[in-house]
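Engineer: Return atomic coordinates for the entry below.
(chains A and B)
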Amino acid sequence: MSSVPLEHILFVSTALFFIGMYGLFTRRNLITMLMSIELILNSVNINFVAFNKYLWPGKLDGIFFTLFIITIAAAEAAVAIAIIINLYRSHHSIDVEDATEMKY
Amino acid sequence: MNDLFIILKQELVLTVIIFLLLTLKIGKERSNMAWLNLVNVLLAINFLGGFFFPQTGVLFSGMYHTSDLIILEKNILNLGTLIISMQSYNWLKDHKHVVEFYILLLSTLLGMFFMISAGNLLMLYLGLELSTIPLAAIANFDLEKRKSSEAAMKLIISSAFSSGMLLFGISLVYGTTGAISFEGIAAAVNGQPLQIFAFILLLAGFGFKISAVPFHLWTADVYEGAPVAVTSYLSVISKGAILFVLVPVLYTVFKPLAGNWYNMLFLLSVVTIIIGNLFAIRQDNFKRFLAFSSIAQVGFILVGITGSSQAGSSSVVYFVLIYIFSNLAAFGVVSFVSATTGRERISDYRGFHKTNPVLAWVLAIGLFSLAGVPPTAGFFGKFFLLLAGAGKGNYVLVTIAALNMIISLYYYLRIVKAIFMDANEQPIEPLTVPAFPKLALYICIAGIVFTGFVTYVHEYIQSLGTAF
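Structural biologist: Now for the predicted structure:
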């Protein structure tokens, strides 16, 4: 069985990172923006696992980091959704364009 | 085993306070006054306890470490939290969720402690997240105000994005060095292009948190919308904690890239000072104004960091101590006026001296210290920062910073003029200050007046500075 080269995996993770960034900058729906942030965090996870398996297989640093990132991403999403619900109560919308009371 | 408890002392005390509040909350009903008295006493004990049994050491195979400097930094943060807690008395005494506010606030402080003590990028990341996620929740604590939820939304989205960038940087650092511990990275960094790219992502992540200029856009909105207690916490404590951790990360972990990050910091500090100053001139909301002034102050701190010497790191700690006093003196008055009258515009403060002479003087001294006018401590703080920045011989940077101090004098004095000289049809009515905020303001004024003249403070901090 021939294994996938590291470069291909890194290409996927980098693409995922920038897709997430693009989504964050172009989408105006807060839930979609939250999904874009999850994409960014998952690209980091892929990076860590790939580096751990291909380059530094001796220790499990990368795998552990991934576990912590997954946990914290869940906590972050929970708080973010709570905030979005509160925003929806006051603004009756989860579009960021509607939440522009403060501007320069 | 005993060492573990003494080395982790400050974190453990905070954890005990958090759980104590949680269990007491489950128990019988208490009035808000009783809660606030209890919490302020607990925080005062927490602050004073930080000075006893100092013990340095390394725990959890290098994950966690303390030194005398780190203990001092934690004490500084404790002091700032105590002052903010006393100042927010007026806002919290009618609030429905006092205990929840303190639990979240102290969780963020705990996260900052772990972040400062981190000896490993994993620990750094965990501390950073523990210190930002609850902060977004308390930015929303004026639950029924539209602006507050908007501010919290902006804070959580931008901090999640910035920690995403930070993590991508960390993953590339891990890929190129094979280590996540600080010593391992410092030994393996050799300046290959991928490492520089990773470092830029990392610095961008940090730049978001300290609101250096290309990454500052969330700052003003969040500061304006969040409750004033949270705003002052964001601008003083969380910014200070991240600066405390940024210095060792730059000075020890990425020391081999010093030539690269010196140029990056040079650029960042110049842009930060200039943009912060220019936008501060045109603000009319007091909180927004203080947001931009704090951006400009971060620019000055970055000038000190570029010095990359022991003087650089000690001047940053010294300045953050003074910045806590002077910014909280200004924020204390603004927070009190905003909580009692709801007025936050700078034009509301015209004729403030006629009706509230004591508060007016406190605000004026705080602003003088922020501007860096000589008898106050702010002057000494800025002086040592610029001196550290000049240590590298880059006089262009120091000249730009010094010129910007003059520009900043304009907008700080504009407010002092409004307070003392301008007439107003409807000035803010005379206010009586309760005991806790009054005590907090006195502590701030004492700090501003004495920190500069008592040379022992600076000498002590200098003797602890991180060697480069």
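Engineer: can you tell me how far the most centrally placed residue in chain B sits from chain A?
Structural biologist: With distances taken as Cα atoms, centre = their mean, the residue of chain B nearest its centroid is residue B:236 (2.5 Å). Shown here: residue B:236 relative to chain A, a distance of 21 Å by Cβ to the nearest Cβ, to the nearest Å. (C-beta placed from N, C-alpha, C; glycine too.)
Engineer: residues in contact with that residue?
Structural biologist: Neighbouring residues of residue B:236 by Cβ atoms under 8 Å, 6 or more residues apart in numbering or on different chains: B:80, B:84, B:323, B:324, B:327, B:328, B:331.
Engineer: rerun at 10 Å
Structural biologist: By Cβ atoms under 10 Å, 6 or more residues apart in numbering or on different chains, residue B:236 lies in contact with B:77, B:80-81, B:83-84, B:294, B:320, B:323-328, B:331.
Engineer: Which single one of those is nearest to chain A?
Structural biologist: Nearest to chain A, judged by Cβ to the nearest Cβ, of the contacts of residue B:236 is residue B:294 at 16.5 Å.
Engineer: mind checking which helix or strand the closest one is in?
Structural biologist: Element membership for residue B:294, per DSSP states H and E: helix B:286-306.
Engineer: Next, the angle from the helix or strand just after that helix to helix B:286-306.
Structural biologist: Sequence order places helix B:310-341 as the next helix or strand after helix B:286-306, per DSSP H and E. Counting by axes from the mean of the first three to the mean of the last three Cα atoms, to 10 degrees, helix B:310-341 lies at 170 degrees to helix B:286-306.
Engineer: If you tally nearby residues, what's the number for residue B:406?
Structural biologist: When neighbours are defined as other Cβ atoms under 10 Å in any protein chain shown, residue B:406 has 10 of them.
Engineer: Just after the helix or strand harbouring it, pick out the following helix or strand.
Structural biologist: Assigned by DSSP H and E, residue B:406 belongs to helix B:395-420. Downstream of helix B:395-420, the first helix or strand assigned by DSSP H and E is helix B:435-453.
Engineer: So which bits of that next one are buried?
Structural biologist: Neighbour-count burial for helix B:435-453, counted by 16 or more other Cβ atoms under 10 Å in any protein chain shown, picks out B:436-441, B:443-445, B:447-449, B:451-452.
Engineer: Also stretch B:309-326?
Structural biologist: Judged by neighbour count using 16+ other Cβ under 10 Å, the buried positions of stretch B:309-326 are B:309-326.
Engineer: what's the answer for stretch A:62-70, then?
Structural biologist: Buried residues in stretch A:62-70 (16+ other Cβ under 10 Å): A:62, A:65, A:66, A:69.
Engineer: Stretch B:136-144 now?
Structural biologist: Per 16+ other Cβ under 10 Å, stretch B:136-144 contains these buried residues: B:136, B:137, B:138, B:139, B:140, B:141, B:142.
Engineer: Can you give the distance of it from its chain's centre?
Structural biologist: In terms of Cα atoms, centre = their mean, to the nearest Å, the centre of stretch B:136-144 is found 19 Å from the chain centre.
Engineer: what distance separates the start and the end of it?
Structural biologist: 16 Å (Cα to Cα, to the nearest Å).
Engineer: longest helix anywhere in chain A?
Structural biologist: Across chain A, the helix with the greatest residue count (assigned by DSSP state H) is helix A:61-91.
Engineer: that older thread, out of the buried residues of stretch B:136-144, which sit inside helices?
Structural biologist: Judged by DSSP H, the buried residues of stretch B:136-144 include B:136, B:137, B:138, B:139 as members of helices.
Engineer: Just name the closest of those to residue B:6, please.
Structural biologist: Nearest to residue B:6 among these is residue B:138, at 30.8 Å by Cβ to Cβ.
Engineer: That closest one is in contact with residue B:156, isn't it?
Structural biologist: No - if you go by Cβ atoms under 10 Å, residue B:138 and residue B:156 don't touch, sitting 11.4 Å apart.
Engineer: how about low-confidence regions in chain A?
Structural biologist: Counting by pLDDT under 70, chain A has low-confidence residues at A:1-2, A:103-104.
Engineer: 80 - rerun?
Structural biologist: Scanning chain A with the threshold set as pLDDT under 80 gives A:1-2, A:98-104.
Engineer: Which helix or which strand is home to residue B:245?
Structural biologist: Take DSSP H and E as the rule and residue B:245 turns out to sit in helix B:239-248.
Engineer: my bad, residue B:65
Structural biologist: According to DSSP H and E, residue B:65 maps onto strand B:64-66.
Engineer: ok, which residues in the stretch 1-150 of chain B are in contact with chain A?
Structural biologist: Contact residues (Cβ under 10 Å from any Cβ of the partner chain) of the stretch 1-150 of chain B with chain A: B:120-123, B:125-126, B:128-130, B:132-137, B:139-140, B:143-150.
Engineer: which residue is nearest the centroid of chain A?
Structural biologist: Closest to where the C-alpha atoms of chain A average out (Cα atoms, centre = their mean) is residue A:38, at 2.5 Å.
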